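Q: heads up, no residue letters with this:
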Ligand SMILES: [Zn+2]
């Protein structure tokens, strides 16, 4: 799982900002291009945050098919052109923030908890991690965002069929339902140009406070 955190970003999604530049969604490259093409959105220049409509984007971010494009950038090849894939687009009209929730899944629990045991703060790698029901299922605990945490196999075994109080294994952070922005921050493959809109703050609140128990 270490690889997942360090893998270079390959743009397979586009960050969508509403009219006031609040991140509200991610979308596919196809849908992102289509929104811009239909004039529902403009592309944010990843270098200087200028806004481009489709034609302007072709003016600054299209090359002949024979040109060599930077390897760390994502370019879409058409029959005659290569077009740089936008990383961020801004909607022209929509001003709201739709209520969105991150899907409840094993993978997203791992992401929320940063692949880190919530009891001992260790990161032993995915093979040695498990999902713990804070209040055990046998005691009426639910399988939900606020009752599931990542625990290393060792802590999970030690805790057994007990509550954290009974096991004297305090949770430094209450499990929570991540917001959409948390989810974007957890997207892991976040390109640098997204950093202006999401990332730092969300990442910080997601970091587990150091317990001082683990080096
Ligand atoms: Zn642990």
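A: Now that the structure is in, tell me what you want to look at. This structure is a prediction, so every number in the text was calculated from the model and none was measured. Numbers count the residues shown, from 1 in each chain.
Q: ok, now which ones touch the nearest residue to residue 167 once chain neighbours are set aside?
A: Among residues not flanking residue 167 along the chain, residue 159 sits closest, at 4.5 Å (C-beta to C-beta, 6 or more residues apart in numbering). Quick note: C-beta positions are derived from backbone N, CA and C, even for glycine. Contact analysis of residue 159 by C-beta atoms under 8 Å, 6 or more residues apart in numbering lists 119, 132, 151, 167, 169.
Q: secondary structure class for the first one?
A: Counting by DSSP: H, G, I helix; E, B strand; the rest coil, the backbone at residue 119 sits in coil.
Q: stretch 128-137 vs the ion: in contact?
A: No: applying C-beta under 5 Å from the ion, one finds stretch 128-137 separated from the ion by no less than 8.7 Å.
Q: who touches that stretch?
A: Residues contacting stretch 128-137 (C-beta under 8 Å, 6+ apart): 106, 109-110, 115, 117-119, 141-143, 147-156, 159, 161-164, 171, 175.
Q: mind running it again at 7 Å?
A: 106, 109-110, 115, 117, 141, 143, 147-153, 156, 159, 161, 163-164, 171, 175 (C-beta atoms under 7 Å, 6 or more residues apart in numbering).
Q: now do the helices in this structure.
A: 2-6, 29-37, 54-61, 106-112, 153-159, 164-167, 180-185, 200-206 (DSSP state H).
Q: the inter-axis angle of the second one versus helix 54-61?
A: An angle of 120 degrees separates the directions of helix 29-37 and helix 54-61 when computed by axes from the mean of the first three to the mean of the last three C-alpha atoms, to 10 degrees.
Q: cool, thanks, talk later.
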